[in-house]
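Engineer: missing the sequence, but the structure's below:
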């Protein structure tokens, strides 16, 4: 299963908070919601943990390693430092 | 989608300011005690048996109220999560755990 | 410090195991076998993989391409284990692994995670002030080396392939492996000759 995003592509993490809508299990850290990063590489496709957590049928979702500039996440830190995070495709959107 | 960002969930700790001044203790070499090893073994056996996924276990750990989450040890949290899940699924009865 | 379980938790564990045994879900023997199997994994496995990668270019390529296959090549069974990814340190980048959401850890090749890895302080701080966290291990990076924090949030588990220290020319893989600590495989420390 190949996903929609390519290595090197700029993406934005959806600024969504399913926590507000009821019980959930999500693997997208709060600190990245709404943030922009760059796809480092696709990592394959895996059953959606948001469904697995409730024993629902879980479709495979493409997973990506996405790199973020570390100082701009926190307004502190050393220039050039980065954070690399595994994110599922349904949490990502392309940037204009 | 919403514009209102809630505070991060209890377990979602990346960047959490309340731990900024807590030192990480690098010198802890101790393996888990017998309690931790038994809980760890339960997780693996129940996972392999198809009775639970790691994501179900995590969901149940994430449901532990914040004061308890931080008061409980790591494997105590696991035990709370796994046992609650097995009750939820009807594998064991809640009365047997009281 | 690791935290001793409360009497209440110890009692809950006893009752829970008794209920699972009564239901026929598992046996005490299975628990003992599982503990013995888990106890066999230790950071020595990761250290041997790194030392081999330092001395064998073909193995290094395999390790970076597919950590799970590289572990199997060292006799580790990866059946049922999550995929293993390996992060290559260079003159420009140093990797540091954390799991901010729980405590995902490459257990198949490193064994049980240490207490600090699971602590709220490590999970909170590593992504925000990684250099301050490194400093608690006395780890400072040369000028020009960027920190890349790897937040282990999903299906993979991550291990660092550190750089081979200077002054180890001619060492065999066994001697090199002795330099590679668990902390170096997580990225909080550097191997030193």
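Structural biologist: Looks like it arrived, so ask away. Treat the numbers as computed from the prediction; the structure is a model and nothing was measured.

Engineer: Over to the residue sitting furthest away from the middle of chain A. Which of the three states is it?
Structural biologist: Distance from the C-alpha centroid of chain A, by CA atoms, centre = their mean, peaks at residue A:78 (22.9 Å). Secondary structure for residue A:78, judged by DSSP: H, G, I helix; E, B strand; the rest coil, is coil.

Engineer: Just list the residues touching residue A:73, thanks.
Structural biologist: Contact analysis of residue A:73 by CB atoms under 8 Å, 6 or more residues apart in numbering or on different chains lists A:31-32, A:35, A:83, B:15, C:127-128. For glycine as for every other residue, the C-beta is placed from the backbone atoms N, C-alpha and C.

Engineer: measure residue C:116 to residue C:103 for me?
Structural biologist: For residue C:116, the distance to residue C:103 (CB to CB, to the nearest Å) stands at 10 Å.

Engineer: ok, the two, which is more surrounded?
Structural biologist: Per other CB atoms under 10 Å in any protein chain shown, whichever of residue C:116 and residue C:103 has more neighbours is residue C:116, with 23 against 16.

Engineer: pLDDT below threshold where in the chain?
Structural biologist: Defaulting to chain A. Judged by pLDDT under 70, chain A has its weakly predicted residues at A:1-2.

Engineer: My question was about chain C, not that one.
Structural biologist: Residues of chain C meeting the criterion pLDDT under 70: C:1-2.

Engineer: Tell me where it has helices.
Structural biologist: Secondary structure of chain C (DSSP state H): helices at C:7-22, C:28-40, C:43-55, C:57-65, C:67-72, C:107-110, C:115-118, C:120-125, C:130-136, C:173-177, C:182-186.

Engineer: want to throw the ones you listed into TSV with distance to residue B:66?
Structural biologist: As requested, those are exported to TSV (distance: least, CB to CB, whole Å):
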stretch	distance to residue B:66
helix C:7-22	18
helix C:28-40	30
helix C:43-55	33
helix C:57-65	40
helix C:67-72	35
helix C:107-110	27
helix C:115-118	17
helix C:120-125	11
helix C:130-136	23
helix C:173-177	42
helix C:182-186	27
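
Engineer: Any idea which of these gets closest to chain A?
Structural biologist: Closest to chain A of the helices of chain C is helix C:130-136 (CB to the nearest CB; 6.2 Å).

Engineer: contacts for that closest one?
Structural biologist: Defining contact as CB under 8 Å, 6+ apart, one finds that helix C:130-136 is touched by A:70, A:77-78, A:81, B:23-24, B:26, C:96, C:122, C:125-126, C:140-141, C:147, C:149, C:188.

Engineer: Looking at the residues you listed, state which has the most neighbours.
Structural biologist: Highest neighbour count within those, by other CB under 10 Å: residue C:126, with 30 neighbours.

Engineer: what residues are up against it?
Structural biologist: Counting by CB under 8 Å, 6+ apart, residue C:126 touches C:96, C:98, C:100, C:133, C:149, C:151.

Engineer: any residue of the helix or strand of chain B with the lowest mean pLDDT up close to chain C?
Structural biologist: Confidence across the helices and strands of chain B bottoms out at helix B:66-71, with a mean of 92, counting by mean pLDDT, DSSP states H and E. Yes. Contact of helix B:66-71 with chain C (CB under 8 Å from any CB of the partner chain) involves residue B:70.

Engineer: Just the pLDDT for residue B:32.
Structural biologist: Looking at residue B:32, its pLDDT is 88.

Engineer: you'd agree it is up against residue B:38?
Structural biologist: No. Using CB atoms under 8 Å, residue B:32 makes no contact with residue B:38, being 9.1 Å away.

Engineer: Now do the shared contacts for the two.
Structural biologist: With contacts defined as CB under 8 Å, 6+ apart, no residue is shared by residue B:32 and residue B:38.

Engineer: name the element residue A:93 belongs to?
Structural biologist: Secondary structure from DSSP states H and E places residue A:93 in strand A:92-94.

Engineer: tally of neighbours for the spatially closest residue to residue A:80 that is not a sequence neighbour?
Structural biologist: Distances taken as CB to CB, 6 or more residues apart in numbering or on different chains place residue C:146 nearest to residue A:80, at 4.1 Å, with adjacent residues excluded. When neighbours are counted by other CB under 10 Å, residue C:146 registers 15.

Engineer: Quickly note the distance from residue C:184 to chain B.
Structural biologist: Applying CB to the nearest CB, to the nearest Å, the value for residue C:184 to chain B is 12 Å.

Engineer: What residues does the residue farthest from the centre of chain A make contact with?
Structural biologist: Applying CB under 8 Å, 6+ apart to residue A:78 gives the contacts A:70-71, C:131, C:146-147.

Engineer: what about 6 Å?
Structural biologist: Applying CB atoms under 6 Å, 6 or more residues apart in numbering or on different chains, we find residue A:78 in contact with no residue.

Engineer: Tell me how far it lies from residue B:16.
Structural biologist: As judged by CB to CB, residue A:78 and residue B:16 stand 20 Å apart.
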